[in-house]
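Enquirer: got a structure for you, letters missing:
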Ligand code: UDP
């Protein structure tokens, strides 16, 4: 048994996190570093599932704004997440990890279909599972996919990696006096209208009492330190202590 604070976690990475300083696509150096951090955390004893977004390639809403049918755009966005998931699988395997991509839409020439019990079995056997194609439905986001899968697999924590180091009372990029919250309850997030995840994802997490931690994956080592119980970023849960 490991002495980590969490046994099984789900890590949500946005597609943009894979871009590094590029404008589009995947920076191999960046995905390699993220994969190393995930491997380090897994080797410490955690069962780790990942959800990767697709915003570095396509987002349905953006495509629809350009005139495309929204559902088709969302299908393209979901396929973009599969591309990213395959890249993450490759990066993890390069480091000796055992990883499986499981897609919510069937493309089983390139990856497995999502089957809940099989996903849990992979985790129990020490494999990293990357959930692709979000929820499999248009009009949702990979944040919703992450909350859904985290609940389905019984994750102890949903970690959302962002570019900022937690949830602030106002945008820290625009306000020098923005204050970061260490902890928030679901109700405080709603009452203060704070941006943690999209509404559907947040509602799912809240209804199932799934704790969320928002942190900056740009800070090396923080993933492991969070699993070791360090209070990094912002924790959102049922009741603040
Ligand atoms: N998407 C979808 N249903 C889902 C998850 C994602 O239709 O359940 C589509 C949607 O178009 C979304 C795109 O896939 O914009 C990429 O996902 P997301 O925007 O969540 O990626 P991120 O912002 O995390 O990179």
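Expert: Great, that's in hand. Just so we're clear, the structure is a prediction, and the values are computed from it rather than from any experiment.
Enquirer: Break down this protein into its helices, ranges please.
Expert: 28-43, 60-65, 70-94, 116-124, 142-152, 186-191, 199-207, 222-227 (DSSP state H).
Enquirer: Any chance of these in JSON lines with distance to residue 180, mean pLDDT and mean neighbour count as columns?
Expert: Just so you know, the C-beta spots here come from the backbone N, C-alpha and C atoms, and that holds for glycine as well. JSON lines is the format used below for the helices of the chain (distance: least, CB to CB, whole Å; pLDDT from 0 to 100; neighbours: other CB atoms under 10 Å):
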{"stretch": "helix 28-43", "distance to residue 180": "21", "mean pLDDT": "97", "mean neighbour count": "19"}
{"stretch": "helix 60-65", "distance to residue 180": "28", "mean pLDDT": "96", "mean neighbour count": "16"}
{"stretch": "helix 70-94", "distance to residue 180": "28", "mean pLDDT": "98", "mean neighbour count": "21"}
{"stretch": "helix 116-124", "distance to residue 180": "31", "mean pLDDT": "98", "mean neighbour count": "15"}
{"stretch": "helix 142-152", "distance to residue 180": "20", "mean pLDDT": "98", "mean neighbour count": "26"}
{"stretch": "helix 186-191", "distance to residue 180": "14", "mean pLDDT": "95", "mean neighbour count": "16"}
{"stretch": "helix 199-207", "distance to residue 180": "18", "mean pLDDT": "96", "mean neighbour count": "19"}
{"stretch": "helix 222-227", "distance to residue 180": "14", "mean pLDDT": "97", "mean neighbour count": "21"}
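Enquirer: Distance check, the nearest residue in space to residue 95 that is not next to it in sequence against the ligand.
Expert: Counting by CB to CB, 6 or more residues apart in numbering, residue 39 is the residue found nearest to residue 95 once chain neighbours are left out, at 5.0 Å. Going from residue 39 to the ligand by CB to the nearest ligand atom, to the nearest Å gives 22 Å.
Enquirer: quick one: residue 39 and residue 93 touch, right?
Expert: No: using CB atoms under 8 Å, residue 39 is not in contact with residue 93, being 10.3 Å away.
Enquirer: ok so, going back, which residues touch the residue nearest to residue 95?
Expert: For residue 39, the contacting residues are 92, 95-97, by CB atoms under 8 Å, 6 or more residues apart in numbering.
Enquirer: Make a PyMOL selection of the buried ones in those.
Expert: Buried residues within these, by 16 or more other CB atoms under 10 Å, are selected in PyMOL with:
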select buried, resi 92+97
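Enquirer: Of all pairs in the contacts of residue 39, which one spans the longest distance?
Expert: 92 and 96 (8.5 Å; CB to CB).
Enquirer: tell me which parts of the chain are close to the ligand?
Expert: Applying CB under 6 Å from any ligand atom, we find that the chain lies next to the ligand at 14-16, 53-55, 59-61, 73-74, 77-78, 80-81, 134-135, 137-138, 140-145.
Enquirer: the residue most distant from the middle of the protein, which is it?
Expert: Relative to the centre of the chain, and counting by CA atoms, centre = their mean, the farthest-placed residue is residue 67 at 28.7 Å.
Enquirer: any idea how far residue 139 is from it?
Expert: Per CB to CB, to the nearest Å, residue 67 is found 18 Å from residue 139.
Enquirer: Kindly report the same for residue 58.
Expert: Taking CB to CB, one finds residue 58 at 15 Å from residue 139.
Enquirer: So which of the two has more stuff around it?
Expert: Set residue 58 next to residue 139 and count neighbours by other CB atoms under 10 Å: residue 58 wins out with 22 against 12.
Enquirer: thinking again about what came up before, from residue 74, how far off is the residue nearest to residue 95?
Expert: In this structure, residue 39 and residue 74 are 32 Å apart, going by CB to CB.
Enquirer: Lovely, talk soon.
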